[in-house]
Each structure stands twice: as C-alpha cells, then as structure tokens.
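S.K.: got a predicted structure plus its sequence, pasted below:
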Amino acid sequence: MKRQDAVSPVLLATAALALAAAAARVDAQGTFRLVVDAVAESRHRSASNEAEGRLTLQPKLEGDGLADAKAFRLRLATAVDATGRDVLPEEPEPPRWEERPSGPDLWIVLASPARRAAWVTVSGTIDLWIPSRDPGAEATVPRALARPGAVLAAPGLRSAGLTLRLAGRGESSPTVVSLRGRSADVERVRSVRVLRADGTELSTSGLQVTTAGEKGSLELLLAEPPPADATLVLGLLTKRSVVAVPFELVEVALP
Amino acid sequence: MRRRAAGAALALFPALLAAGCGLPERVRGLVARPTPTALPRPTPVPAPPLELSFLGIREDRVRGGAAGPAGTTIEVALVGTKRGDVETARVVVETAFDDLGTSLVPAGAEDAAHEPPRGDDAAAPVVLSVPLKLASRAASSLREVSGSIELYVPDADPGAVVTVPRFRSRAGSTLASPSLAEHAVAIAIATAQEAEALPADPDDLVLRVADPNGRVEGFYFVDPEGTAWATDREERGGLVVVSARAETPGPEWGLRVRLKTPGTLRRYRFALKDVPLP
C-alpha cells in the first residue's frame, strides 16, 4: 500500500483540436489524462427516409497517476453536440470495467449527432480501481476449495459484506473455479487468483462474470485442476479502493 | 477431334437404336454434347432493362488510427436480376457531386474490380454497393451519382465455360477448346518437371496461360459430383499456380475455365439524383 492520500477531483478540461483530452489528478503525486485518439461515426438513411447512426469515441487513459490502478471504467453523465442536441443514448450499455487503460470497454458510445454538428462535449466520471489504497480490497480464503457447495468463509469477505458460495461437485469443470452469489456481490469481485500451498499462482486463461437478475456467477478458467488445499485471493471493489474522478471532454471534433 | 468423335457416335446411334439395346453411358454422353459452333453471337449490349431500386445510404466517418475505413456507400437492388445468375459484378462511378458541388468520385473508380454480390439467396435480386468519397458535413444531399454497372453472368453464354475432365492425367497437354481459341486464350497444363522447378506444391495445378485480352475469369476444380469449387491463383515464374481453397482435387476431378465473353457481360447505365445524406 503506497498511497492513502485523498483524491483530488480537480479536473482540467482542454479544448479539443486534433485530439480531445481531459486531465485530472488522482492524488498528490500522480496525474493522468483521458485522451480521445480515435473517433468513428456511422450514419445511415434508408429508402423510407429513416435515419439512424452512432458515434463512438475511443479514448485511452495515460499518465503516471495510473501506475497502481488495476481496472478502469467510464460513466457518462452528459453528452451534447454543437447544435445542442443531447446525444446520450436512450438505452446506454451499462459501464464495464476494463483491465487496460484503453480498449473497447472504455469506448464512449453515443447517439448520432446532428449532421451539421462539428463537435461533441461529453462529461462523466472515470472510476479507477486501485486495490493498494485499501487493505480490505483483497480477501484471502485459505483452503477455499476444500468444501464444494459451501459459502466461502474469510474475514475479508465478511467485512466487505460479500457472500459467495463455491459451486458444488459436478457443477463445473475440474479446471474451473466457480463461485455463485447475488449479482451485486459477484459484480464487486474484480479479480480471482488461485495459489498453491507454496504460494505460487496457477495460470489462468480468463475470468467470466455472468449476472442474470438477482443471481450471478464467476468462472475462473485454469490451465490445470487446482489442488484441494489451494488458497483463493479475491480482489474486491470497495469504497476506498475505487477512485471516482469527474471528467469533461470538451468539443471533441467530429470526423 | 471432339467433332469427329461426336460424328462417329451420331453414325452409331441409329444402329444402336435399331438393335434395341441400351445406349452405353459413354456414347450417350458424346451424342448429347452439342457440336461446337464458331458462329458469332449477338452482343447482349444493350442488355435487358433493369429497374434500379434505392435501398439506403451509409456514411462511415472516422478519425484516428484504429477507427476503420471511411467512405459513403449507396446500396441499390437490381430489380429483375437473380443473385444466383450473377457470379460477379462491378460498379464504376463516373460522376458524383454533392449539393455543394464537390466531386465524390473515389480514387481509382474506373478500375473497380469484379466482386461477388453479397447474399446467398439465389432467387433474391442482386444488391450492389456504389462507393463514394465522404461528403462534407455541410452537404445535405447528393445532387447526382451516375456511372455503369457490369454483371458477369457466366451461364448466359455456353461458350464461356470450358470443362476438362480428369485434368490430373493431362500434364504437359494443351486444353483444346473452340471457345478458348475463339477468344485467343491458350492454356496448357505444365509438366511435372516444370511444376517442380517452379517450385509448386504437388497439390497445386500449374498452368501456362496466354490470355492477351484478359478473357479468363477464373479456374474452378470440379468434383466427381459436378460441383465447381473456386480456387486461388497466383502468377509465378511466368506460370499460373492454381490452388484449392478447400478439398484437394483428386484424379477424378475436372478443371473448369470460365471466360468473360461479350455474351456474359451485361452493362447498364445508372443515375441517382437528389439523394439525402444521412
């Protein structure tokens, strides 16, 4: 745990020329920028004169202030084009966490701006998951796989208020660690690691998170069956580990 | 040679019928094969009229490296055509202006390549894309877009398709066909030594092709059931290497050569006016 400083939500918005960027401080030492380095817009008009389209800003986060961040998310609040048209989608996709500071899960998907609009301005919040800011953001569960079907017992999970159950025998493949729980609890788990008794980590090929209504599941895909005495280490979204920084991308030029 | 064989078979035909015996399959095939003719065919240009139906217009506007290609595409359907009849098509845009007077003819428009129309429904009309440069955001409509559409309809001309059975056994020989000769196309199957010297994969077919007028549309491998499979071709060392895209052709497979003859190419003029931009 390197930094426990309060986050300064100061935002420095810059006018967009070739690129649009919003800059912010994540703490007293580091800064970062949200840079839009690609914009894609599709517009379609049918024979019956029905128009549709969408605008996608493809931003990336950069700066030394991101060194300890392990996941990133953008939440939109407002989006307007140069004519004043609201271009927030009517049914926006729920914001997703992205493990890299760029990538499709950070793309800002908007409704179609007016044809004569020259730019859009977008505001919202950047969420950074910085587990090193909170000891409670990591829960260790020794011998977690010893009791299939049982609720995972660990002080870290109790203090975070999470209830997760290990899938029962036959409910998943031998190379999959499957956890079940309420959707709200499942969505707070950002990472899962499996450690052998000697502390070495098993190789994984992905973590699949599925939620349907109230219920959810986490499936950690392993390269080999885990030992029965394996320890699970869960990375959790907690209030102190998630840093929310407002952003505004001002006058992002349209292509 | 084929004419002589057919003539001999025709001479045998009455005798076989008189004998009341079943016609052997090989002989029946020779009898059924039409006698090649060198008569000139009427050009299909002007082609039968078609109705052009506007389906929509799409703009893809991008900035930045990873955002993909940009451009405008008008989609039109050719009412009166069937997708199954048209092997490939191309659209040549000659004139395109928006309401600001800006030309939107894309670079290299006159060299547009023949491409298979999209879609798998053989009975559906052919749908083509008319590619244009992006109009300014300040433009609101396309004043005029015009040019030509060329359809390649191989079945419209029986002489445009030449099929050679069991081509694997014909290394070193020249493909004999009046259609090839008529269109100044000469094709010979390379010898095994030539293919090895290239070098070429033993599964590939190596051809020596002379086609000064660019009549050859493509080479197809024909399986024993008669299905023609598209191939890839590459010019190498003055020869043409033909490779299977799927199954490697065996000794029973044939080779089909498709030609772009005047009878297979249908050209149409098109014009669209006052198309609102999206």
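M.R.: Received, thanks. Numbering: from 1, shown residues only, chains lettered A, B, ... in the order given.

S.K.: which one is residue A:56 nearest to, not counting chain neighbours?
M.R.: Counting by C-beta to C-beta, 6 or more residues apart in numbering or on different chains, residue A:56 lies nearest to residue A:40, which is 4.7 Å off, once chain neighbours are set aside. C-betas here are computed from N, CA, C, even on glycine.

S.K.: again, but for residue B:113
M.R.: residue B:90 (6.2 Å).

S.K.: likewise residue B:210?
M.R.: Per C-beta to C-beta, 6+ apart, closest to residue B:210 is residue B:186, 4.2 Å.

S.K.: same deal with residue B:56?
M.R.: residue A:46 (4.5 Å).

S.K.: and the residue nearest to residue A:56, which helix or strand is it part of?
M.R.: strand A:31-46 (DSSP states H and E).

S.K.: now find how far off-centre that strand is within its chain.
M.R.: 19 Å (C-alpha atoms, centre = their mean, to the nearest Å).

S.K.: what is that strand packed up against?
M.R.: Counting contacts by 3 or more C-beta pairs under 8 Å, 6 or more residues apart in numbering or on different chains; DSSP states H and E, strand A:31-46 is packed against strand A:20-25, strand A:51-62, strand A:242-253, strand B:51-63.

S.K.: what mean pLDDT does the shortest one have?
M.R.: Averaged over strand A:20-25, pLDDT sits at 63.

S.K.: partners of the strand holding residue A:40 in the sheet?
M.R.: Sheet pairing of strand A:31-46 (DSSP bridges) gives strand A:20-25 (antiparallel), strand A:51-62 (antiparallel), strand B:51-63 (antiparallel).

S.K.: so residue B:241 sits in a helix?
M.R.: No: counting by DSSP: H, G, I helix; E, B strand; the rest coil, residue B:241 is not part of a helix but strand.

S.K.: burial count for residue B:198?
M.R.: Residues lying near residue B:198 (other C-beta atoms under 10 Å in any protein chain shown) number 16.

S.K.: now the closest residue to it other than its chain neighbours: how far from chain A?
M.R.: Nearest residue to residue B:198 in three dimensions, chain neighbours excluded: residue B:237, at 5.4 Å (C-beta to C-beta, 6+ apart). Distance, residue B:237 to chain A, using C-beta to the nearest C-beta, to the nearest Å: 43 Å.

S.K.: hmm, residue B:237 is touching residue B:196, no?
M.R.: No: the criterion here is C-beta atoms under 8 Å, and residue B:237 misses it with residue B:196 at 11.9 Å.

S.K.: flag every buried residue along the strand holding residue A:40.
M.R.: A:31-45 (16 or more other C-beta atoms under 10 Å in any protein chain shown).

S.K.: again, but for stretch A:115-132
M.R.: A:115, A:117, A:119-124, A:126-132.

S.K.: and it, what's its mean pLDDT?
M.R.: 95.

S.K.: stretch A:200-207 too?
M.R.: For stretch A:200-207, the per-residue pLDDT averages 91.

S.K.: care to break the chain down by domain?
M.R.: I'll assume chain A. What automatic domain parsing lists as the domains of chain A is A:11-133+A:240-253, A:135-236.

S.K.: hmm, I had chain B in mind actually
M.R.: Looking at automatic domain parsing, the domains of chain B come to B:51-155+B:264-276, B:158-259.

S.K.: residues of chain B that sit close to chain A?
M.R.: B:53-68, B:70, B:137-138, B:140, B:276-278 (C-beta under 8 Å from any C-beta of the partner chain).

S.K.: not counting its neighbours along the chain, what's nearest residue A:104?
M.R.: Per C-beta to C-beta, 6+ apart, closest to residue A:104 is residue A:98, 7.7 Å.

S.K.: distance check, that neighbour against chain B.
M.R.: From residue A:98 to chain B the distance is 15 Å (C-beta to the nearest C-beta).

S.K.: may I see the domains of chain A organised as TSV, with distance to residue B:103 added?
M.R.: TSV is the format used below for those (distance: least, C-beta to C-beta, whole Å):
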stretch	distance to residue B:103
domain A:11-133+A:240-253	20
domain A:135-236	50
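
S.K.: between those domains, which has the poorest average model confidence?
M.R.: Lowest mean pLDDT of the domains of chain A: domain A:11-133+A:240-253, a mean of 87.

S.K.: ok and the residue in the stretch 151-255 of chain A nearest chain B?
M.R.: Across the stretch 151-255 of chain A, no residue is closer to chain B than residue A:255, which sits at 4.0 Å (C-beta to the nearest C-beta).

S.K.: quick one, what contacts that residue?
M.R.: When contacts are counted by C-beta atoms under 8 Å, 6 or more residues apart in numbering or on different chains, residue A:255 touches A:39-41, B:61-63, B:67, B:70.

S.K.: that's a strand at it, yeah?
M.R.: No: secondary structure of residue A:255 (three-state DSSP): coil, not part of a strand.

S.K.: if we can go back for a sec, any quick ChimeraX command for the buried ones out of the residues of chain B next to chain A?
M.R.: To isolate the buried ones among those in ChimeraX, judged by 16+ other C-beta under 10 Å, type:
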select /B:56,57,58,59,60,61,62,63,64,67,137,277,278
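
S.K.: please consider this matter closed, and thank you.
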